[in-house]
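[1] curious how this folds, go ahead:
(chains A and B)
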Amino acid sequence: MTPTSDLPRWADVFLLPLLNLLAALAVCGVIIFFLGENPFNALWVMIKGAFFYSGSLGYTLYYTTNFIFTGLAVAIAFHAMMFNIGGEGQAYIGGLGAGLVALWLGASLPMILVIPLAVFAAALFGAAWGLIPGLLQAYRGSHIVITTIMFNFIAGSIMVWLLVGPLIEQGQQSPQTPKFGDGALVPKLHETAGGLFSFLGNSPLNLSFVLALFCLVGFWILIWRTKLGYEIRTVGQNPEAARYAGINVPKIIVIAMALSGALAGLLAINELLGVQHRVVLNFTSGYGFTGIAVALMGRNHPVGIFLASFLFGAIYQGGAELDFEFQTITRDMALLMQGMIILFSGALAYMFNPWVSRILRRWIKQGEAARV
Amino acid sequence: MTDDKNTDGRTSAHSFALNLAGVSKSFGAVRANHDINLDVLAGSIHGIVGENGAGKSTLMNIIFGLHAPDKGSMHVFGERASIKSSADAISLGLGMVHQHFMLVPNMSVLDNVMLGSEGGYLLSEGREQTLKTLDNLSSAFGMGVDPTAIIEDLPVGIRQRVEIIKAIKGGARVLILDEPTGVLTPGEAQQLFDILRSLRDDGVTILLITHKLDEIMSITDHVSIMRDGEMVAHRETRKTTPQELARLMVGRDVLLSVDKGPANPSDIKLKVSSLGCTSSAGSSLLKNVSFDLRAGEILGVAGVAGNGQTELLEILSGMRKVTTGKFEVLQRVIDKERSLTPEHMRAIGVAHIPEDRHEHGLVLSFEAQENAMLGYHRDPRFGRGSLLDDKEIRDHCVELMTKHDVRPPNPDLHARNFSGGNQQKIVIGREVDQKPEVLLIGQPTRGVDVGAIEFIHRQLIQLRDEGCAILLVSVELEEILSLSDRIMVMNEGEIVGIVDQKTASQEQVGMMMAGVGAEVAA
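    Residues are numbered from 1 along each chain as shown, chains lettered A, B, ... in the order given. Predicted coordinates for the structure are as follows:
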């Protein structure tokens, strides 16, 4: 997936993504210009909208939380060279798990018991939804991309059926479950820690953000500090060498897909237990797909995934602000920017590589000449 | 170094097929070719020798237009040439036979030869033309090939012949062959040399790239030696010796033969009884294989690549399941019902150095230290429970690198950045340091430079003398003959015979490799 680059590591990890990002923004700027607006104004409005207005940073971080979960989900599968397109469906089914626990126990048990159980259920249901395509790939050779896409549709259909049927709130028309009991509501960050985070303003940012940070650290430990992570990476980098080493390749593929599904499932904690407080239709709203771009841009590393998630969170939030401020720009601008960033940092990730490496080489040569 | 050049007394009175002057090429910081001068006499066979990584392939790719040189000039038959693509090279009369064949396996010989000169929209004209060419070539140079045969049904030697026909059918006057004998039996190699000689006698200039000194000595007229990206010497072949060539290639004196004492075989460590295996498609890969391997001996498995040696290694190391028969290794019986995974095999003392280190032995994108524990990573010494112990992993790798002379001794370097020989030393070190009772080793010195070959060979002999039972698979007949105590020859998945190294000759083993029984071959 990632072609090898002969750049120094710092340039590969920081400079290139930065250039790609700037190129994407430049293209968007040109489009804004032709819409009749000043692109620099638009950028400034986005930045203010994403960080400076009251509560906006909280919103940005709330979106960031979603992207961390789905980005990590894609990345862990990627380390086993599995292209998991099914984050959307896995998050959706994860929401079913979390929702069932919340509906069942939310009114009767305290938060300290319900939320861990809901987290566990979300991960478990998501894992199951990743596990099945994993099994099909590992033991039957069904291509993971095809099956995970199909499983997104199956998940969508199941959830529609449940939300208009067995799980619908009695006497209501809209396809959603009843509200969760108080024990199943994840506290907002600005309401916790004695107002320590009140500077974030009134926003949907909740304690799921902390869970996401734990997942980032856990991901790093798992992939680079455990034997299982070593096996996952070996299978991803060279399945034949893994077979030679005695690693059970199909088993590792299944485990990686299950872990991937579990991480995607945790999205439901932020969205449902944190914000919606009930299971609603299509609450995943594309976060699963954007997770692919996040993982790609973050180079499947937790630090990169955090930064990419933050960037996408800011664009989500700032893009909404563009819609308010400008008559000619709609909310779709955020989508366009996302698309451009995915295009430049995904499909065209190494477009600038030859130029950058040529310039750097010249610099290094000059530096050597200067020293001599 | 400079006074080594042009000592073969060439004069400008001869006509040259190819002149290179001051050709240089770098890839990033790596200097692949530096200031190369090369003059190739028209109508001669010119050898180019050098260790792996000396820059031979880069040079040929420059000549054939696959790489653009950074500096330098090139003349073809006296004309200044600027070759920017292989199409330019072909139009100038150059032809190349690559190490890995560029044939369409499921098409006929005729269609493959026709490729690139099909003529108009209909194929009939091109076919007729090609048939005529094939006819002419086969009568002129003894290159008979059935035009209707499908490539994938043909033996490797014949496929290579098709490659040569493809290269010269358009009237190529210079033929470049990159390591052409690597996949051939000694008999097939001999046939190839006959063809090359008759081509030369017809005026074709041949550029032969190889690392095998005996080939250089037997077939070339002139030889150029490369080392570290530079052309270090040119020699007239009949005025040089293999010892001199080896010294020039490596830059120091090299022991070409292996120094070893007699073996002291003791207990049977591995007993294979009527072992067989079939591919998933149902074809038989191994048939009725039986032999014993004792502690303290090296049993060499000779054979042309693809005659069941790979499957034998995979079965004995636990990577592949037994279909029929059984084997007994270190008191464990393995058959269709009872199998051990490669991890268990390692645990009981069977180490495996795979034939292809890039495909199996290493993860090229991993650091050396991660590769140094591949297959043993579950061992508690690399970390208790499910965690890995960074320091232990690193220390282990540093120790391995010192002990086995891996250069550079940097555990953080990614495996792909080591030379072939040093990659192989990492793999060998990893397996040998486990003190295995049985060692399965495939192609120990494939793609490894002369200096490292010496080191690896000495290591294997030492291991044998310490009582390890070694099964050595190699397609290099010389390696088998010099290292083994007994030689087992395989052909089409069967054992042709097992002979004693002391009485075996290269000719006898060569004939056995082609399927002739030991008694007849002797």
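[2] quick one: low-confidence ranges for the chain?
    Just going to use chain A. Applying pLDDT under 70 to chain A flags the ranges A:1-6, A:194-195, A:199, A:371-372.
[3] chain B, not that one
    Scanning chain B for pLDDT under 70 picks out the ranges B:1-14, B:28-30, B:52-53, B:252-257, B:521-522.
[4] identify the residues contacting whichever residue of it sits closest to chain A.
    Nearest residue of chain B to chain A: B:E343, at 3.0 Å (CB to the nearest CB). (Glycine included, C-beta is placed from N, CA and C.) Neighbour list for B:E343: A:A245, A:G246, A:I247, B:G318, B:G375, B:R378 [criterion: CB atoms under 8 Å, 6 or more residues apart in numbering or on different chains].
[5] return the member of these nearest to B:D88.
    Lowest distance from B:D88 to the contacts of B:E343 (CB to CB) belongs to A:A245, with 45.8 Å.
[6] can you count the residues close to that closest one?
    28 (other CB atoms under 10 Å in any protein chain shown).
[7] sorry, back to before: just checking, next helix/strand downstream of whichever strand or helix holds the residue of chain B closest to chain A?
    Following DSSP states H and E, one finds B:E343 within helix B:342-348. Following helix B:342-348 in sequence order, the next helix or strand is strand B:350-353 (DSSP H and E).
[8] just checking: what are the partner strands of that next one?
    Note on strand B:350-353: by DSSP bridges, its sheet partners are strand B:438-442 (parallel).
[9] who touches the partner strand?
    For strand B:438-442, the external contacting residues (CB under 8 Å, 6+ apart) are B:269-270, B:293, B:309-310, B:313, B:316-317, B:329-330, B:349-356, B:428, B:431-432, B:460, B:463, B:468-474.
[10] mind doing that once more with 6 Å?
    Applying CB atoms under 6 Å, 6 or more residues apart in numbering or on different chains, the contact partners of strand B:438-442 are B:269-270, B:313, B:316-317, B:350-355, B:468-473.
[11] give me the element the residue nearest to A:L200 when sequence neighbours are not counted is part of.
    Nearest residue to A:L200 in three dimensions, chain neighbours excluded: A:G58, at 3.9 Å (CB to CB, 6 or more residues apart in numbering or on different chains). Element membership for A:G58 (DSSP H and E) is helix A:56-79.
[12] how far is that helix from where the chain is centred?
    Distance of helix A:56-79 from the chain centroid (CA atoms, centre = their mean, to the nearest Å) equals 3 Å.
[13] likewise stretch B:352-368?
    For stretch B:352-368, the distance to the chain centre is 16 Å (CA atoms, centre = their mean).
[14] likewise stretch B:200-220?
    The chain centre lies 17 Å from the centre of stretch B:200-220; the measure is CA atoms, centre = their mean.
[15] what's the end-to-end length of it?
    One end of stretch B:200-220 sits 10 Å from the other (CA to CA, to the nearest Å).
[16] give me the residues contacting the longest helix along chain B.
    When chain B is parsed with DSSP state H, its longest helix is helix B:124-141. The contact list for helix B:124-141 (CB under 6 Å, 6+ apart) reads B:110, B:113-114, B:118-119, B:143-144, B:147, B:165, B:169, B:195, B:198-199.
[17] and that helix, how far out from the chain's middle?
    Worked out by CA atoms, centre = their mean, helix B:124-141 lies 32 Å from the chain centre.
[18] please narrow the contacts of strand B:438-442 to those residing in helices.
    Filtering the contacts of strand B:438-442 for helices - DSSP H - leaves B:L313, B:L316.
[19] what comes into contact with stretch A:15-22?
    Contacts of stretch A:15-22 (CB under 6 Å, 6+ apart): A:F344, A:S345, A:F352.
[20] show me how far stretch B:463-472 is from its chain's centre.
    24 Å.
[21] now the end-to-end length of that stretch.
    Start-to-end, stretch B:463-472 (CA to CA) is 12 Å.
[22] ok so, going back, which ones among the contacts of B:E343 are found in helices?
    Per DSSP H, helices hold no members of these.
[23] closest one to A:A128 out of the contacts of stretch A:15-22, please.
    Set against A:A128, the nearest of the contacts of stretch A:15-22 by CB to CB is A:S345 (31.6 Å).
[24] quick one, phi psi at the residue lying closest to B:S86 once chain neighbours are set aside?
    Once flanking residues are discounted, B:S86 sits nearest to B:G65: 5.0 Å by CB to CB, 6+ apart. Dihedral pair for B:G65: phi 80, psi 10, per degrees, to the nearest 10.
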